[in-house]
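**Student:** Any chance you can model this:
(chains A, B, C and D)
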Amino acid sequence: MNAKEMIARRAAKELSNGEVVNLGFGIPTTVANFVPEGVEVLLESENGALVFGAAPKDGEEDPDLGNAGGLPITMIPGSACFDEATSFCIIRGGHVDTTILGALEVDQEGSIANWATPVAPGKWSPGMGGAMDLVMGAKKVIATFVHTLKGAPKILKKCSLPITGKGCVSKIITEKCVLEVTPKGLLLVELAEGVTIEELRACTEAEFLVADEVKPYQL
Amino acid sequence: MNAKEMIARRAAKELSNGEVVNLGFGIPTTVANFVPEGVEVLLESENGALVFGAAPKDGEEDPDLGNAGGLPITMIPGSACFDEATSFCIIRGGHVDTTILGALEVDQEGSIANWATPVAPGKWSPGMGGAMDLVMGAKKVIATFVHTLKGAPKILKKCSLPITGKGCVSKIITEKCVLEVTPKGLLLVELAEGVTIEELRACTEAEFLVADEVKPYQL
Amino acid sequence: MNKVMELDQVMGKVHDGMSIMFGGFCGVGAPLTCIQKIAESGVKDLTVMAVVATYPGGHFDLAPLFANKQIKKFICSHVGTSPEAVQALKTGDLEIEFFPQGSWIEKVRAGGAGLGGVLVRTGLHTMVEEGKEKITIDGIEYLIEKPLHADMAFIKGYRADKWGNVEYRYTAINSNPTIATAADFTVAEVNEIVEVGDIDPQRVGTPAVFVKAIIQGNTFKEHKAVYHDIWASTGQLK
Amino acid sequence: MNKVMELDQVMGKVHDGMSIMFGGFCGVGAPLTCIQKIAESGVKDLTVMAVVATYPGGHFDLAPLFANKQIKKFICSHVGTSPEAVQALKTGDLEIEFFPQGSWIEKVRAGGAGLGGVLVRTGLHTMVEEGKEKITIDGIEYLIEKPLHADMAFIKGYRADKWGNVEYRYTAINSNPTIATAADFTVAEVNEIVEVGDIDPQRVGTPAVFVKAIIQGNTFKEHKAVYHDIWASTGQLK
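**Tutor:** Residues are numbered from 1 along each chain as shown, chains lettered A, B, ... in the order given. Here you go, the predicted model:
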C-alpha cells in the first residue's frame, strides 16, 4: 500500500454515519473509496451536488453532470442537485460536519496553507476556490498529505505560504502519524508501524506533544 | 363605473409590453383585468410566482397553489414558481418595472404610508409585508386610491402615519386625477370629467402644480 | 440514516421558551399537523418566526398558537390576516417585531448561510430604522440586517425520502427551503415519505443536509381536502 | 414579448472595456456558443467574472478569451485549471482578483438582489482581508463583501421559452441562476427554445424577469457530443 492510499484509508475512519462530508482534490477525493461498511455519509460537492456516483462509462455520461473539477459524475439514489449559492449556504452555514483537505503546509497552531503558490513577484496561483469557505464553515477540518515534500517538512511551526484559514484544523493525517490540534499544541495520537517518535521529530518542524498512549495507526 | 374601477382602468394604461409588474392588494389587484390589448406583462407575486391565472373553479383548485394572500390561483402558460428569497431578489434587486400599490396617505414629496394603523399606544398593525421592499426596489411606483377617505384628503403636505418609503412614488392615480411626482412637487397632468381644478384643490391637502396642458382622464 | 420520526418523538424536543420558525405563506405550505400538535401540547412563551401570521381570517394555520397565547414574541412581516394575533397585540399579550418581507427572508437566509448580516436599503427613513446600525458603503447608506436563527424549524414539503431530501410543489415552496437552513433542528412534515432514490435529484428543494426529522403529515388526498374546505368555506373558489 | 435573438444581434451589444459574467463551473454549464463568438469578435479589455477559469487543462470553455488576451481583469475564485490564464498572470498580461468561492457567488447574488453587501467570516486573518472593510457585530468580526454586477451576463440553460423562463439540467445549473440576476443585460444560451407553457413552472430555474435575450446554442444532441469528446479525449470516461 502506498503512502497516499494509507492516508485515505486512515482518513475514512474519521467519518461516522449520517455525516455531511466534503472532500477536497487529490488524496481526499479517494477517501470515498474507503468509507467503512455500515457508514452512510452525504458527500457534498461545492458546484452543487449532494450524493453522487463515480465517473460513468463512455457513452453513459451526461453533459450536464460534472463535479467540482468539471469531470463527469453520475446520479445515484439519494442524489440532489442545487445551485452554487445553495452549496455555499451549506458550506459556510455550518452544515458540513467534516471536510478533508490536502495541504501544502500546516502549522502547530492548526493553520493551513493550501491555495497559493507564487507564480511571479506578488502574484499567486491557483486561487483558494472553495477551501477558505470549507475551513471556516465545516465543523471538523482534517488535513491529509504526505508527511514531507522532497524531504522537507510540511508540518511547520508557522506556515510560510499565505494561509487558507487560521487555527481551523482539528486533525492531521499523514502516512507516518495522526496528530490532533489541541489548545496546548499538536498531540501525537497514532504512529505508523516502523516509525519512531525520534524519526517523526526529525521530519516535522513543528513541536508536538506525545499522547500518554500513542496508538498504532488504524488501517 | 365606480371610482375603484375607474382607477384600475386608468392605472392599467401605465403598463407597457414586456414589463415585470407587481400589484398590491385591493384596487391594484383588479388592474390585471384591464391590461390593454397587445400588452403582455409578467405579473409577479411576492410569495413566489411569476405569471398566474385567476381563482380556480371549485374542484379544480390545487392545495399548493396560492397567491400572496393565501388564496387559490392557477398556473397558465409562462408561469414559474420559486421560493420567497428569489422573489425578493426580484423585488429588491430592481427587476420589477412597475408596482401599483394602495395607500392610506401620500404626500407632496412622494412619500407613501400604507402599512401601519395604530391598534394601541405605540403599537401598529398589520405590518409592512412586502410593501417597503416594493417601493424601494421597483423602478416605478404608482399609488392608487380613492381621492378622499370619508371626505378627508389622503394626498397630504406630509404623511402623518408611519411611512412605507420616502420620496418613492412616481405617480398618483385617483378617480379624480392623475398627479406626477416631480422634483418641483406634484404636477396635475390629467383631470377626470366634471372635476374642476378648484374642486380638486379643495379635497387635496398637498400643494400641486398644474401642467401646461392638463389632459382628460384616460379611460 | 433514516430520519423518519413519530410526531411524539419530535414533540419531546419542543419546550417552553424556545424559538421556532414555521414555513408557509398565509397558510399555503404550512406544516399543519405539527402546528396542531404544538397547540395541543400547551408549550408556552415561544418566540415564533414566520413570514406572516395566518391564512386570512384566522382559524387555520398558526391561529391556534395565537388563540392559546402560546406565543410571547412573533417576528414577522405582517399580522393583519390573523384576528387572534391582532387581538393579542392590542391587549399586550403579544410582542411583535416587524421586518419588511424581503428583509425578513434575507435575515433567515443569513442565519442559515453563515452570514453575519446583509446590507439593505429597504426601510431606510422609516420606522424600520429604529435601533438598527447603519453603514455607508461607497457613499450609499444601508441598514445592517442581522441574521435570524431558531432552535427548531418546522417546514412543509410534498414528499421526502428517508434521508431527508425534500420535494416541494408549486408556490407551497415559499419560505420553506430558507427556513429549513436556519435552525438547530429542522423537522420536515410531508404528505408522503418515499424511498431514497424516488425523488428526481432536480426536484429536491431542500437537500437532506438541512433536515433532522421527517414527519408524516396529511396524505396528499387529505391535504387536498383541507385546502378545498378552507378555500370553499371562505368563498375563494368560483 | 419574444426575446429570441440572433447571435449577431447580441454581439452588437458587446464592446471593448465591458464587464461580463459567464455562467458555468469548470466547463459544465458554460455558454460555449456565445464564448466562441466573443472570442472571434476580438473585443478586448474585458473585465470577466466567472467562478473558475476553465475546464481543467484549458483549450475549452473560457480558454480562447485568455489565449487571445481579450481579458484585462478576471474576478474569480480559482484559475489553476487554465494554463492560458496562469501564463497570462505570470507575464503580467492579466490582472486577477481572487475571492473565496462562497464569497464570490454571494457577492454576485448581492449584486442581483439589491444588497449593499454581505458580512462573512470567510477569509478573516488571511490575504483576503487586504483592502477590505471589517465590522464587528455582537462581538464577532466580519469582512464586508461588496456586490458584484456586470454590464452583461451570459448564462447556459437547457431550454428556454420565448419569454425567457429558463430550465436547467442537473449540476449544469451551478452559477447560472445567480449570474442571471446580476447584469444589466442577461443572455441565455440554451439547447432548445420552446413555446411558452412547455416548461413545468416548477422546473423554471431562472424566471423570465432576469432574461433579456435568448440564443440558440448547440442542440442537445450536439451538446452531448461536445462533452463526450472533451471528457473522452481527457481520459475521464471509464
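**Student:** hey, let's count contacts and neighbours off CA atoms from now on
**Tutor:** OK.
**Student:** For chain C, just list every one of the helices.
**Tutor:** Along chain C, counting by DSSP state H, helices occupy C:7-11, C:32-41, C:63-67, C:83-91, C:101-113, C:176-179, C:220-233.
**Student:** between those, which gets nearest to residue B:210?
**Tutor:** Ranking these by their distance to residue B:210 (criterion: Cα to Cα) puts helix C:101-113 first, at 37.2 Å.
**Student:** now the closest one: how far from the chain's centre is it?
**Tutor:** Here the centre of helix C:101-113 is set off from its chain's centre by 12 Å, with Cα atoms, centre = their mean, to the nearest Å.
**Student:** need the contact list for residue C:113.
**Tutor:** A:88, A:89, A:90, A:91, A:92, A:93, A:94, C:181, C:182 (Cα atoms under 8 Å, 6 or more residues apart in numbering or on different chains).
**Student:** Looks like the fifth one contacts residue A:137 (just checking).
**Tutor:** Yes. Between residue A:92 and residue A:137 a contact is recorded at 4.3 Å, counting by Cα atoms under 8 Å.
**Student:** Find the residues that touch each one of the two.
**Tutor:** With Cα under 8 Å, 6+ apart, residue A:92 and residue A:137 have common neighbours residue C:114.
**Student:** Count the residues that sit near residue 78.
**Tutor:** Because you didn't say which chain, this covers chain A. Using other Cα atoms under 10 Å in any protein chain shown, the number of residues around residue A:78 comes to 24.
**Student:** Hmm, no, I was thinking of chain C.
**Tutor:** So residue C:78, with other Cα under 10 Å, has 26 neighbours.
**Student:** Excluding sequence neighbours, find me the nearest residue to it.
**Tutor:** residue B:127 (4.2 Å; Cα to Cα, 6 or more residues apart in numbering or on different chains).
**Student:** So in chain C, where's the weakest helix or strand by average pLDDT?
**Tutor:** Least confident helix or strand of chain C, by mean pLDDT, DSSP states H and E, is helix C:83-91 with a mean of 94.
**Student:** Read off the pLDDT value for the closest residue to residue C:126 other than its chain neighbours.
**Tutor:** Once flanking residues are discounted, residue C:126 sits nearest to residue B:163: 5.9 Å by Cα to Cα, 6+ apart. What the model reports for residue B:163 is a pLDDT of 98.
**Student:** do you know how far residue B:163 is from residue C:127?
**Tutor:** Distance of residue B:163 to residue C:127, given as Cα to Cα, to the nearest Å: 8 Å.
**Student:** More neighbours: which of the two?
**Tutor:** A direct count of neighbours by other Cα under 10 Å for residue B:163 and residue C:127 places residue B:163 higher, at 26 against 13.
**Student:** Provide a list of residue ranges in chain A with pLDDT below threshold.
**Tutor:** Across chain A, nothing is flagged by pLDDT under 70.
**Student:** Who are the contact partners of the residue in it sticking out farthest from the centre?
**Tutor:** Most distant residue from the mean C-alpha position of chain A: residue A:59, 31.9 Å away (Cα atoms, centre = their mean). Taking Cα under 8 Å, 6+ apart, we find residue A:59 in contact with residue D:228.
**Student:** Give me the distance between it and residue A:210.
**Tutor:** On the measure of Cα to Cα, residue A:59 and residue A:210 end up 53 Å apart.
**Student:** repeat for residue A:174
**Tutor:** For residue A:174, the distance to residue A:210 equals 16 Å [Cα to Cα].
**Student:** between these two, who's got more neighbours?
**Tutor:** Legend: neighbour count by other Cα under 10 Å for residue A:174 and residue A:210, higher for residue A:174 (23 against 13).
**Student:** got the residues of chain C near chain A?
**Tutor:** Contact residues (Cα under 8 Å from any Cα of the partner chain) of chain C with chain A: C:1, C:111-115, C:161, C:163, C:165, C:196-204, C:207, C:209-210.
**Student:** now do 10 Å
**Tutor:** C:1-3, C:109-115, C:161-166, C:178, C:181-182, C:195-210 (Cα under 10 Å from any Cα of the partner chain).
**Student:** which among the contacts of residue C:113 end up buried?
**Tutor:** A:88, A:89, A:90, A:91, A:92, A:93, A:94, C:181, C:182 (16 or more other Cα atoms under 10 Å in any protein chain shown).
**Student:** Mind checking what secondary structure the third one has?
**Tutor:** Assigned by DSSP: H, G, I helix; E, B strand; the rest coil, the conformation of residue A:90 is helix.
**Student:** residues contacting it?
**Tutor:** Contact partners of residue A:90, counting by Cα atoms under 10 Å, 6 or more residues apart in numbering or on different chains, are A:20, A:44, A:46, A:48, A:84, A:96, A:134, A:137-138, C:112-114, C:181, C:207, C:209-210, D:102.
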